[in-house]
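Trainee: Can you look at this prediction? I've put the sequence above it.
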Amino acid sequence: MADAPVVQVFDAQFISEQAYWVARCRRGDESAMAALVAKHRRRLIRVAANVLRDAHEAEDVAQEAFVKAFREINRLRDDRAFSSYIYRICVRLCMDRLRAKRSQPGIVDMAQNCEGPAVETRVLVEKLLTKLSPELRATLVLREMEQLSYEEVAEVLHVPVGTVRSRLHTAREKFRAIWQEAMKETD
């Protein structure tokens, strides 16, 4: 009961839940780190899997992103911006791995538990995404699959919003052409 006024003080000062957890992380609070991991883990793995096209490697990248984020948490200027901060780290790690591999096509194993035509479509989409450059793929995945705003995508990729719009336009056009070609082959 004594904790209630403290929470109300945080609410009155408009400190977001995320900022509260980040502030506690800065003081070394492991439960705060666990709360941030729980909040962002699934989505971070999904982003990494969509960019890397490898579910197992995505889990490694997500874990590496959390380790790096918590190790460098004092560099974060705005505690409310943790989600953009962690996604930016994750996407950079993904891009580094993709550059190291230099476009080796991955095996699609994300649809193992699904059945039917939806699986075939998902597998085809994943296969076709590998034909886009890493920058175009990351932009398309973050905007269309993860539903981030243009501003959020720009922040995560560390590029201007105009670059996001340009890359997204190019990615959509290239993906549409690749999709149409794949549909012709299946007919």
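Mentor: Perfect, I can see it now. Numbers count the residues shown, from 1 in each chain.
Trainee: Count the residues that sit near the nearest residue to residue 167 once chain neighbours are set aside.
Mentor: Once flanking residues are discounted, residue 167 sits nearest to residue 139: 4.2 Å by C-beta to C-beta, 6 or more residues apart in numbering. The way it works is simple: take the backbone N, C-alpha and C, and place the C-beta from them, glycine included. Counted by other C-beta atoms under 10 Å, the residues lying close to residue 139 total 31.
Trainee: again, but for residue 32
Mentor: Residues within reach of residue 32, counting by other C-beta under 10 Å, total 18.
Trainee: re the thing from before, close enough to count as contact, the residue nearest to residue 167 and residue 165?
Mentor: No: with contact defined as C-beta atoms under 8 Å, residue 139 does not count as touching residue 165 (9.4 Å).
Trainee: quick one: contacts for residue 93?
Mentor: Going by C-beta atoms under 8 Å, 6 or more residues apart in numbering, residue 93 touches 48, 61, 64, 65, 68.
Trainee: Distance of the second one relative to residue 50?
Mentor: Spelled out, it's residue 61. Counting by C-beta to C-beta, to the nearest Å, the gap from residue 61 to residue 50 is 11 Å.
Trainee: Name the residue in these two with the higher neighbour count.
Mentor: A count of neighbours by other C-beta under 10 Å puts residue 61 above the other of residue 61 and residue 50, at 26 against 23.
Trainee: ok, that one touching residue 94?
Mentor: Yes: counting by C-beta under 8 Å, residue 61 touches residue 94, with 5.7 Å between them.
Trainee: overlap in contacts of these two?
Mentor: Shared contacts of residue 61 and residue 94, counting by C-beta under 8 Å, 6+ apart, come down to 48, 52.
Trainee: what's the average pLDDT for the one helix or strand residue 100 maps to?
Mentor: Take DSSP states H and E as the rule and residue 100 turns out to sit in helix 82-101. The average pLDDT within helix 82-101 is 85.
Trainee: How about stretch 127-143?
Mentor: Stretch 127-143 comes out at a mean pLDDT of 88.
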